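*Asks:* Predicted model and sequence follow; I will ask about them next.
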Number of protein chains: 4
Amino acid sequence: MDKNKFNFKTSVRVRTYEVDWQGIVHNTIYMLYCEVGRVEYLKHIGAALDLNKVNSSNRVVLSRNEIDYKSPARFDMEIDVYTRIAEIGNTSFIFEGMLRDAATDTLIAKNRAFHVWLHPQNGKPIPVPEEFRRLVRSHEGANLLENPAEPDKA
Amino acid sequence: MDKNKFNFKTSVRVRTYEVDWQGIVHNTIYMLYCEVGRVEYLKHIGAALDLNKVNSSNRVVLSRNEIDYKSPARFDMEIDVYTRIAEIGNTSFIFEGMLRDAATDTLIAKNRAFHVWLHPQNGKPIPVPEEFRRLVRSHEGANLLENPAEPDKA
Amino acid sequence: MDKNKFNFKTSVRVRTYEVDWQGIVHNTIYMLYCEVGRVEYLKHIGAALDLNKVNSSNRVVLSRNEIDYKSPARFDMEIDVYTRIAEIGNTSFIFEGMLRDAATDTLIAKNRAFHVWLHPQNGKPIPVPEEFRRLVRSHEGANLLENPAEPDKA
Amino acid sequence: MDKNKFNFKTSVRVRTYEVDWQGIVHNTIYMLYCEVGRVEYLKHIGAALDLNKVNSSNRVVLSRNEIDYKSPARFDMEIDVYTRIAEIGNTSFIFEGMLRDAATDTLIAKNRAFHVWLHPQNGKPIPVPEEFRRLVRSHEGANLLENPAEPDKA
């Protein structure tokens, strides 16, 4: 995962209640930080989530989540949350997230979150809408991998 | 708060991720345990929450929460969660929760959670439905304080 | 609780995973926001928490938490978190927190969090250290109530 | 992932505050359920975590987490949490978790959690202790893959 491929970054600061009994950020919290990154990314590219329209014609689900823990985060650390959409297939797309200590640029964790676009009524996968694809393409440029012959599962 | 006034008890076991950097259960988690107690209580008395009907004719909100922390809970502790409805007013009712170490009966925390019944459309307080009042009265018996002249706010 | 008595404010933005099945921020999350406020307040007045020194000579515990819910917060709302220390007694002090919608100034919730200073070894209440008292007094000025004859419990 | 290879099962019940704005359990909560499973598994095989000894001679970290979401869990669902250690390498081991609806046996999610054993002082990987290996081998029997030529990373 190459930091230079990310065109979007937001940041979070570690809160007391995110630190576990070991004095480090709990393993699921890193995934929440990546979720914060995805929400801000979508706003940034003009595809903001509208939680008041969850039953609308768009329905996207997370099908798989992968995270590699590289270095623990600690209380009050400011963390840079890099976010990009790395791949768009026919009915799915992959968000990548990278967490780095803002002070030292130390790599904290890397996340890949696989999403699938579903039909709002029957729940079957449907093609990623062209409008969404266009917004992502416009933001990601040449770094975006579209319709890979063989989707990268890991 | 008198343990003998509680006719219902459930239990929870402290999980790793509920323990904070001090090695004790985080202060908001005790309130979540009391919420678990309230859900099980409602099932027990026959007034189960139906989260699939949140927009139905019943709408109850939490208006105030109070908790006294008496002794910290620790990892893997089994906690008895005592729950009762202590008071029902015209449009509101008060849940009491008491957390005790199941092994030693040590008091861990005491919670009072004030609820108000709202009109589902206009959001104004409406009288507690007779059916709910009847179920609570049947379970609590003489311990239930109904329509106190002056609601106990603390 | 008077907004003008608060000399410190920070802010948080509501995250996806803080919203519950009702589409509003879960009742315990407001307390977490107030905890964020307290941490930033302590940094601001020069009394920062050091979570790497939890076994040091200072040990402060939360003994009671009260919150009044006034208006629900929703996804992506920016919330102003007002924080002050309202009272310092002999061995205890009270943090007040007030949450307001940053866009409209609508009151969301009010919190009072009662803290007690404990002896690090024997766990008995000890006097609030003079250094801490001085830092708070310096920040709060005339709004700080010191050693009230009768502590305000609610 | 084959249900028949799991020799240990515990269960959890979905709580109100684990359900998100979509009415389904939030994506990180499934990982917490798997963590509950790992804790109970370790107790069951006689290798219980002692959170009061975190600075002792044993130090194990989570290096990677993978989860496939198959079917959403909902409020009040009882979930069977199957847990096993599938592989032990020289310095690492892999926990597998499988979540199934207890009522219908519907597959909800599958998790692989990669752990590494570290030297408590210098933080470098060290061999998995023989005692731990023996306890796992005794519980898992022939299903346990030991020292695979090529560790399965995904």
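*Replies:* Yep, it's here.

*Asks:* I figured A:K110 was touching A:G97, is that so?
*Replies:* Yes: between A:K110 and A:G97 there is a contact under C-beta atoms under 8 Å: 7.2 Å. Backbone N, C-alpha and C define where each C-beta goes, glycine included.

*Asks:* neighbour count winner among those two?
*Replies:* A:G97 (25 against 20; other C-beta atoms under 10 Å in any protein chain shown).

*Asks:* how close does the more buried one get to chain B?
*Replies:* Taking C-beta to the nearest C-beta, to the nearest Å as the measure, A:G97 falls 20 Å from chain B.

*Asks:* same deal with A:K110?
*Replies:* Where chain B is concerned, A:K110 sits at a distance of 21 Å (C-beta to the nearest C-beta).

*Asks:* Next SSE downstream of the helix or strand that contains A:A113?
*Replies:* Remark: A:A113 resides in strand A:107-118, with elements defined by DSSP states H and E. Using DSSP H and E, the helix or strand that follows strand A:107-118 in sequence is helix A:130-140.

*Asks:* Which of the residues in that following helix are classified as buried?
*Replies:* A:F132, A:R133, A:L135, A:V136, A:R137, A:H139, A:E140 (16 or more other C-beta atoms under 10 Å in any protein chain shown).

*Asks:* same deal with stretch A:36-46?
*Replies:* A:V36, A:G37, A:R38, A:V39, A:E40, A:Y41, A:L42, A:H44, A:I45.

*Asks:* could you measure the most far-flung residue of chain A relative to its centre against chain D, distance?
*Replies:* Distance from the C-alpha centroid of chain A, by C-alpha atoms, centre = their mean, peaks at A:W21 (27.0 Å). A:W21 is 5 Å from chain D, where distance means C-beta to the nearest C-beta.

*Asks:* Quick check: A:L135 vs chain C, distance?
*Replies:* In terms of C-beta to the nearest C-beta, A:L135 sits 18 Å off from chain C.

*Asks:* Rounded mean pLDDT for the top helix by length along chain A, please.
*Replies:* Taking DSSP state H as the criterion, chain A has its longest helix at helix A:29-45. The average pLDDT for helix A:29-45 rounds to 97.

*Asks:* got the angle between it and strand A:107-118?
*Replies:* For helix A:29-45 against strand A:107-118, the angle by axes from the mean of the first three to the mean of the last three C-alpha atoms, to 10 degrees is 60 degrees.

*Asks:* which residues are there in chain A that come within reach of chain B?
*Replies:* A:T16, A:Y17, A:V19, A:D20, A:W21, A:G23, A:H26, A:T28, A:F75 (C-beta under 8 Å from any C-beta of the partner chain).

*Asks:* Quickly name whichever of those residues is closest to chain D.
*Replies:* A:T28 (4.3 Å; C-beta to the nearest C-beta).

*Asks:* Just to check, the closest one is in contact with D:C34?
*Replies:* No: at 10.0 Å, A:T28 does not count as touching D:C34 under the criterion of C-beta under 8 Å.

*Asks:* Which one of those two is surrounded by more residues?
*Replies:* D:C34 (26 against 21).

*Asks:* dump the residue contacts of that one.
*Replies:* Applying C-beta atoms under 8 Å, 6 or more residues apart in numbering or on different chains to D:C34 gives the contacts D:I67, D:V81, D:T83, D:F95, D:G97, D:L99, D:A109, D:N111, D:A113.

*Asks:* and these as a markdown table, adding distance to chain A and pLDDT?
*Replies:* Formatted as a markdown table, the contacts of D:C34 follow (distance: C-beta to the nearest C-beta, whole Å; pLDDT from 0 to 100):
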| residue | distance to chain A | pLDDT |
| --- | --- | --- |
| D:I67 | 5 | 98 |
| D:V81 | 15 | 98 |
| D:T83 | 16 | 98 |
| D:F95 | 12 | 98 |
| D:G97 | 13 | 98 |
| D:L99 | 14 | 98 |
| D:A109 | 10 | 98 |
| D:N111 | 9 | 98 |
| D:A113 | 8 | 97 |
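
*Asks:* top of these by neighbour count?
*Replies:* Ranking the contacts of D:C34 using other C-beta under 10 Å puts D:L99 first, with 29 neighbours.

*Asks:* Can you tell me the SS state at that residue?
*Replies:* strand (DSSP: H, G, I helix; E, B strand; the rest coil).

*Asks:* partners of it in the sheet?
*Replies:* D:V81, D:A109 (DSSP bridges).

*Asks:* wait, what's in contact with it?
*Replies:* D:30, D:33-34, D:73, D:79-82, D:107-111.

*Asks:* Over to A:F8?
*Replies:* A:G37, A:E40, A:Y41, A:H44, A:I45, A:Y82, A:T83, A:R84, A:H139.

*Asks:* what residues are up against the first one?
*Replies:* By C-beta under 8 Å, 6+ apart, the contact set of A:G37 is A:F8, A:T10, A:V81, A:Y82, A:T83, A:G97.

*Asks:* Fine, thanks again, bye for now.
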